[in-house]
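Trainee: Below are the sequence and a predicted model for it; my questions follow.
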Amino acid sequence: MALRPTTPQSRADQLAARDAAQTDAFMREVDEALREDQMKSALKRWGLPAGIAVVVALGGLGGGLWYRHHQQTLAEDRGIAITRAIDQIEGGRIDLATASLDAVAKGDAAGSAALAKLIQAGIAMQQSKTGDAVKLYDAVAADAAAPQPLRDLATVRGVAAAFDTLGPDKALERLKPLAVPGNPWFGPAGELAALAYLKQGKSDQAGTLLREIAKDKDTPDTLKARARQLAGLLGFDSIDDIARAPEESAPAPAGPAAAEAAPAGAAPAGAVVTQAPAPGAEAPAARVPAAKVPAPKVPVAHVPAAPLPAAKPAPVKATLAPGLAAPITAAPAALAPAAPAPAQP
């Protein structure tokens, strides 16, 4: 394909193109200079505040990390002090333990201070200083900054320590929020509340509360057993009834009455065959078992060693009784002939 011939530019066109290129280069330089001046103005106006903000942010981050580490260190120190105090109590050094606990109880940490006061209250109870212990328990229970579980524990312990002097009305006022099913302190708080009801003469409410404690699955077994016994004394059954089997509903007869009622060829099921009394001896009282006695090895009655007539009757062979591995071959006492009474001197 042939190219079209290019027309050479004239001198005027060449000068115009050169002027246009110079103008574009000049405008670019002006734009660059204007941007540079704007950046310098912005740095002069906002550079210092921005730098200060960055420094403050970095300083705050570093300060937060240091504060967290410091608080963790203090918490570890308080934990070590409480552990050391417990070891000193177990070793019998009560004075050293009290000094360690005082330092923790006067600190700013509400949780550790409450725990230290509870331990001090326990020491006071061991030393028979009930008044001091009650004051410490009340202080922990009234501390809004302390953890709620520790406050509830202090409430229960305080009511238990001052139960005789506190009065049933105030004891119930403090224990009612805790003596409800589902609360972690339902068992001990409910037991104290039941005792307070008994002091008020409200045995029905006390028995109902004790029965609920005995049936609560989260209550410890020892406390449930105690609540079950107290509820039973008040006439409230807290044990579920168990249906008895039909054959266990009526006790099996035993003794001479069973021997007379049973046929000669069979032994009564579940009855214990006793040995016939010796001639001239007084017959013992018959024992009636409370329920069916499963006896894989039932003692077999033997004919007593007494003089028998010349014609010895043949032993009666009875059928197999339930639970026996062999037939009864000895004659029952009811079928044996009466032996002659010995001569009286």
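Mentor: Noted; the coordinates are in hand.
Trainee: Quick one: end-to-end length of stretch 206-222, please.
Mentor: 18 Å (Cα to Cα, to the nearest Å).
Trainee: How about residues contacting that stretch?
Mentor: For stretch 206-222, contacts defined as Cβ atoms under 8 Å, 6 or more residues apart in numbering pick out 179, 181, 184, 186-187, 190-191, 193-195, 197-198, 223-225, 227-228, 230-231, 234-238. C-beta coordinates here come from the backbone N, C-alpha and C atoms, glycine included.
Trainee: Tell me where this protein has helices.
Mentor: 11-90, 94-105, 110-126, 130-141, 148-161, 163-166, 168-175, 186-199, 203-214, 221-233, 256-261 (DSSP state H).
Trainee: And these, which one averages the lowest pLDDT?
Mentor: Here the helices of the chain differ in mean pLDDT, and the lowest is helix 256-261 at a mean of 43.
Trainee: Serialize the helices of the chain to JSON lines and add fields for mean neighbour count.
Mentor: Converted to JSON lines, those look like this (neighbours: other Cβ atoms under 10 Å):
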{"stretch": "helix 11-90", "mean neighbour count": "11"}
{"stretch": "helix 94-105", "mean neighbour count": "17"}
{"stretch": "helix 110-126", "mean neighbour count": "20"}
{"stretch": "helix 130-141", "mean neighbour count": "20"}
{"stretch": "helix 148-161", "mean neighbour count": "19"}
{"stretch": "helix 163-166", "mean neighbour count": "13"}
{"stretch": "helix 168-175", "mean neighbour count": "18"}
{"stretch": "helix 186-199", "mean neighbour count": "22"}
{"stretch": "helix 203-214", "mean neighbour count": "21"}
{"stretch": "helix 221-233", "mean neighbour count": "16"}
{"stretch": "helix 256-261", "mean neighbour count": "14"}
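Trainee: Low-confidence ranges, the stretch 201-345 of the chain, go.
Mentor: Along the stretch 201-345 of the chain, the parts satisfying pLDDT under 70 run over 238-345.
Trainee: go with 50
Mentor: The stretch 201-345 of the chain contains residues with pLDDT under 50 at 241-345.
Trainee: Check the spacing between the nearest residue to Gln200 once chain neighbours are set aside and Gly107 real quick.
Mentor: Nearest non-adjacent residue to Gln200, counting by Cβ to Cβ, 6 or more residues apart in numbering: Pro168, 5.0 Å away. Using Cβ to Cβ, to the nearest Å, Pro168 is found at 37 Å from Gly107.
Trainee: Trp46 too?
Mentor: Going from Trp46 to Gly107 by Cβ to Cβ gives 46 Å.
Trainee: do Leu15 as well
Mentor: With Cβ to Cβ as the criterion, Leu15 and Gly107 are 91 Å apart.
Trainee: Next: Gln14.
Mentor: 92 Å.
Trainee: Please apply the same query to Arg45.
Mentor: Taking Cβ to Cβ, one finds Arg45 at 49 Å from Gly107.
Trainee: ok, now Leu101?
Mentor: Distance from Leu101 to Gly107, counting by Cβ to Cβ: 11 Å.
Trainee: Kindly report the same for Asp31.
Mentor: From Asp31 over to Gly107 (counting by Cβ to Cβ), the distance is 67 Å.
Trainee: Trp66 too?
Mentor: 20 Å.
Trainee: show me what contacts the residue nearest to Ala141 when sequence neighbours are not counted?
Mentor: Among residues not flanking Ala141 along the chain, Ala154 sits closest, at 4.2 Å (Cβ to Cβ, 6+ apart). Contacts for Ala154 (Cβ under 8 Å, 6+ apart) come out as 114, 117-118, 121, 137-138, 140-141.
Trainee: and with 7 Å instead?
Mentor: By Cβ atoms under 7 Å, 6 or more residues apart in numbering, the residues touching Ala154 are 118, 137, 140-141.
Trainee: Redo those as a markdown table? Include distance to Gly60.
Mentor: Shown next, in a markdown table, are these (distance: Cβ to Cβ, whole Å):
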| residue | distance to Gly60 |
| --- | --- |
| Leu118 | 37 |
| Tyr137 | 42 |
| Val140 | 35 |
| Ala141 | 38 |
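Trainee: hmm, which two among these are most spread apart?
Mentor: Comparing every pair within the contacts of Ala154 by Cβ to Cβ identifies Leu118 and Ala141 as the most remote, at 10.3 Å.
Trainee: Find the nearest non-adjacent residue to Ala114, please.
Mentor: For Ala114, the spatially nearest residue (Cβ to Cβ, 6+ apart) is Ala146, at 3.9 Å.
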